[in-house]
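Q: Below is the sequence, then the predicted model.
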Amino acid sequence: MVLTCGEQCLRILLVVCNLFVFLFGCICTGFAAYTLAKVREYTSDQGALIVPAFILTLVLLILILGFLGCCGAWKLNSCCLKTYAIIITILIIIEVICGILILVYHDKGKDFIAKFLRQCIREAEVPGNTDMEDMMRNLQEKFECCGADGPSDWRNPGNYCSRSDNPISQFSSSFKRGCADAIYEYLRSHAIVVGVTAIVLSIVEIGAVFAACCLAGKRSA
């Protein structure tokens, strides 16, 4: 089977790009699995596991996608290429659905964050749970906030919301803003970057489907 110059370029491009996708998927899978394990360790709230579990499933799909795309293009395996195109199409559909859900339920995001943080605070106040306490302290320092909706979420806010190790003298200058509001505003401020990235990614994915279908059709012919 002889490939034209354009088809050969598509093949090389698919192999190289999907090799990077595969390596990226490996790294993200490890990170997502670690994050899921840490969340399970920090909180008993099953609802808090939904997002990290979804992310782990997604990166596993990306890992499989990279493998199929790389091997399918290298070997010109029609089955792998068609499966690759189907998975990308499914991902595009998922992205569209997620985009619609975000637009429809964006006002619920703050409530979800607040609920999760309140659960984390209850866990952090358990004696001996230093990991969760450190996580909440670091989060509050980063976003300059305290509690889910405010300092009153803590039983003793002076011990957790101060800017220094001297909670008594520093409580007057402690963080007053709720972390749910701070995190939500941070996410909103980066919404444009996320949106542009999603659009570019969708264009690349559509191009990958086209390339895979072209090579699969050539193989079938």
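A: Perfect, thanks for sending it. Small disclaimer: the values here were computed from a predicted structure and weren't measured.
Q: hmm, which helix or strand of the protein has the shakiest average pLDDT?
A: Lowest by mean pLDDT, DSSP states H and E among the helices and strands of the chain is helix 167-170, with a mean of 46.
Q: tell me which element the residue minimising distance to the centre of the chain is part of?
A: Most central in the chain under Cα atoms, centre = their mean is residue 55, positioned 5.4 Å from the mean C-alpha point. Element membership of residue 55 [criterion: DSSP states H and E] is helix 50-75.
Q: Who are the contact partners of the closest residue to residue 87 other than its chain neighbours?
A: Nearest non-adjacent residue to residue 87, counting by Cβ to Cβ, 6 or more residues apart in numbering: residue 65, 5.2 Å away. Backbone N, C-alpha and C define where each C-beta goes, glycine included. Taking Cβ atoms under 8 Å, 6 or more residues apart in numbering, we find residue 65 in contact with 18, 21, 25, 84, 87-88, 91.
Q: Please apply the same query to residue 154.
A: Under the criterion of Cβ under 8 Å, 6+ apart, the neighbours of residue 154 are 121, 125, 146-147, 160-161.
Q: if we go to 7 Å?
A: For residue 154, the contacting residues are 121, 147, 160-161, taking Cβ atoms under 7 Å, 6 or more residues apart in numbering as the criterion.
Q: Can you mark which positions in the helix of greatest length in the chain are buried?
A: Secondary structure of the chain read by DSSP state H shows that its longest helix is helix 5-42. By 16 or more other Cβ atoms under 10 Å, the buried positions in helix 5-42 come out as 7, 10-11, 14-15, 17-19, 21-22, 25, 28-29, 32, 36, 39, 42.
Q: do the same with stretch 77-89
A: Along stretch 77-89, the positions that meet the burial threshold by neighbour count (16+ other Cβ under 10 Å) are 77-78, 80-85, 87-88.
Q: Could you do stretch 206-214 as well?
A: The neighbour-count check on stretch 206-214 (16+ other Cβ under 10 Å) flags 208-209, 211-212, 214 as buried.
Q: I'd like these laid out as JSON lines, including secondary structure, distance to residue 196 and pLDDT.
A: Putting these into JSON lines (DSSP: H, G, I helix; E, B strand; the rest coil; distance: Cβ to Cβ, whole Å; pLDDT from 0 to 100) gives the following:
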{"residue": "208", "secondary structure": "helix", "distance to residue 196": "19", "pLDDT": "86"}
{"residue": "209", "secondary structure": "helix", "distance to residue 196": "21", "pLDDT": "87"}
{"residue": "211", "secondary structure": "helix", "distance to residue 196": "23", "pLDDT": "86"}
{"residue": "212", "secondary structure": "helix", "distance to residue 196": "25", "pLDDT": "87"}
{"residue": "214", "secondary structure": "helix", "distance to residue 196": "27", "pLDDT": "85"}
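Q: Looking at these, which one is closest to residue 61?
A: Of all these, the one sitting nearest residue 61 is residue 208; the distance, using Cβ to Cβ, is 14.0 Å.
Q: can you pull the contacts of the closest one?
A: Listed by Cβ under 7 Å, 6+ apart, the contact partners of residue 208 are residue 88.
Q: quick revisit: which residues sit against the helix or strand that the least confident helix or strand of the chain is followed by?
A: Per DSSP H and E, helix 167-170 leads on to helix 179-189 as the next helix or strand towards the C-terminus. Residues lying outside helix 179-189 but in contact with it, judged by Cβ under 7 Å, 6+ apart, are 109-110, 113-114, 117, 139-140, 143, 145-149.
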